[in-house]
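**Student:** Give me the fold of what follows.
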Amino acid sequence: MTNSTAAPVGTVDRTLRILETLAAHPGGVPLAEIAADLHLPRSACHRLLADLVRCGYVRQLREMGDYTLTTRLPALGLSFLGGTGIVDIAQPIIDRLAEVSGELVRLALVDGDRLTFVAKAQGARAGLRYDPDMGIDVRLSCSAGGHAWLMTLTEERATELVARQGFGPPREYGPKAPTTFKALMKVLEEDRKRGFSLIVEQYAPGMCAMAAPVMRRGDDAAGVITIAGPMQRLTAARMQALGRPLVQAAAELAMAASSSPLMRARGPRTN
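**Tutor:** Purely as a prediction, here's the structure:
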């Protein structure tokens, strides 16, 4: 039975859902799979894809083949970030922390009720390099970045954000990830006492990470800065040693945040 109180899904909603699906599959997705995943009629999905192709945001890999994003949409995002000055402000700080840690360092910004990676620096010069995709929304319940943000919020607000996003299926988190709100709140309490978050195989098997919030003076967190790497290098002792430079980098970013409009006005939505 159809829920008559549900809001209708319009053309814009469907188009954005298609773009998000394609962004998650850079190798391309067939029409039938897109339509099935988004519960759209195949004919309607094809029309929307044709419009996106005509506008230059999507291309078909071959006739009757898979669909994939062009570089036009990422270019818009890069142009936007460039105009805010955030990369110029943050990159030297991120680069320095990457050199000190020898691992992947990333900056994620709070945007409403989402946390999204926008800049990075790779400190690893040899061996395994951990380097997931940029531009993704951070999984709050199992990531160091998510925990660093949640630890700055009230338990009620943190619970609301995680409930909205969900814990995700087991394939989307590591073997030691908290999968209940009680377990997550215990982790966040430990993070608050430490001053930064620390995870071991919570986001992915064999991976460790740590993160500190970038706090605007007298306001909410503007974002988080993270260090991530394989657990054979990023041991518990190593992460404890990196705690001070991580927190110092977050403080530097907080001081610089006032000069970037992107970091000044991206607080969580309350509705």
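
**Student:** can you give me the helices for this structure?
**Tutor:** Using DSSP state H, the helices of the chain run over 11-23, 31-37, 42-55, 72-84, 86-101, 144-150, 155-165, 181-194, 236-256, 261-264.

**Student:** which helices and strands sit right next to the fifth one?
**Tutor:** Helix 86-101 is packed against strand 104-111, strand 114-122, strand 221-230, helix 236-256, helix 261-264, with contacts defined by 3 or more Cβ pairs under 8 Å, 6 or more residues apart in numbering; DSSP states H and E. Backbone N, C-alpha and C define where each C-beta goes, glycine included.

**Student:** Can you lay out the helices of the chain as a markdown table showing distance to residue 216 and mean pLDDT?
**Tutor:** Output for these, formatted as a markdown table (distance: least, Cβ to Cβ, whole Å; pLDDT from 0 to 100):
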| stretch | distance to residue 216 | mean pLDDT |
| --- | --- | --- |
| helix 11-23 | 29 | 90 |
| helix 31-37 | 38 | 93 |
| helix 42-55 | 37 | 93 |
| helix 72-84 | 15 | 65 |
| helix 86-101 | 14 | 87 |
| helix 144-150 | 13 | 97 |
| helix 155-165 | 16 | 95 |
| helix 181-194 | 18 | 96 |
| helix 236-256 | 6 | 93 |
| helix 261-264 | 7 | 54 |
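
**Student:** Make JSON lines out of those helices and add distance to residue 227 and mean neighbour count.
**Tutor:** Compiled in JSON lines, the helices of the chain are given as follows (distance: least, Cβ to Cβ, whole Å; neighbours: other Cβ atoms under 10 Å):
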{"stretch": "helix 11-23", "distance to residue 227": "25", "mean neighbour count": "15"}
{"stretch": "helix 31-37", "distance to residue 227": "34", "mean neighbour count": "16"}
{"stretch": "helix 42-55", "distance to residue 227": "37", "mean neighbour count": "15"}
{"stretch": "helix 72-84", "distance to residue 227": "21", "mean neighbour count": "13"}
{"stretch": "helix 86-101", "distance to residue 227": "5", "mean neighbour count": "19"}
{"stretch": "helix 144-150", "distance to residue 227": "8", "mean neighbour count": "30"}
{"stretch": "helix 155-165", "distance to residue 227": "22", "mean neighbour count": "15"}
{"stretch": "helix 181-194", "distance to residue 227": "14", "mean neighbour count": "15"}
{"stretch": "helix 236-256", "distance to residue 227": "6", "mean neighbour count": "18"}
{"stretch": "helix 261-264", "distance to residue 227": "20", "mean neighbour count": "18"}
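
**Student:** Can you say which of those is nearest to residue 64?
**Tutor:** Proximity to residue 64, assessed across these by Cβ to Cβ, is greatest for helix 31-37 (8.7 Å).

**Student:** Check the offset of stretch 225-244 from the chain's centre.
**Tutor:** What separates the centre of stretch 225-244 from the centre of its chain is 19 Å, taken as Cα atoms, centre = their mean, to the nearest Å.

**Student:** Just the C-alphas of it, formatted as CSV.
**Tutor:** Extracted in CSV, the C-alpha atoms of stretch 225-244 (Å, rounded to 0.1, in the frame of the first residue of the first chain):
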residue,chain,number,x,y,z
ILE,A,225,41.2,16.9,10.5
THR,A,226,42.1,13.2,10.3
ILE,A,227,45.1,11.0,10.1
ALA,A,228,44.6,7.5,8.7
GLY,A,229,46.8,4.5,7.8
PRO,A,230,47.4,0.8,8.2
MET,A,231,47.5,-0.6,11.7
GLN,A,232,51.0,-2.0,11.3
ARG,A,233,52.3,1.6,11.1
LEU,A,234,49.6,3.5,12.9
THR,A,235,49.9,1.6,16.2
ALA,A,236,48.3,2.7,19.5
ALA,A,237,51.6,4.1,20.7
ARG,A,238,52.1,6.0,17.4
MET,A,239,48.6,7.5,17.5
GLN,A,240,49.2,8.7,21.1
ALA,A,241,52.4,10.3,20.0
LEU,A,242,50.6,12.0,17.1
GLY,A,243,47.9,13.3,19.4
ARG,A,244,49.6,16.7,20.1
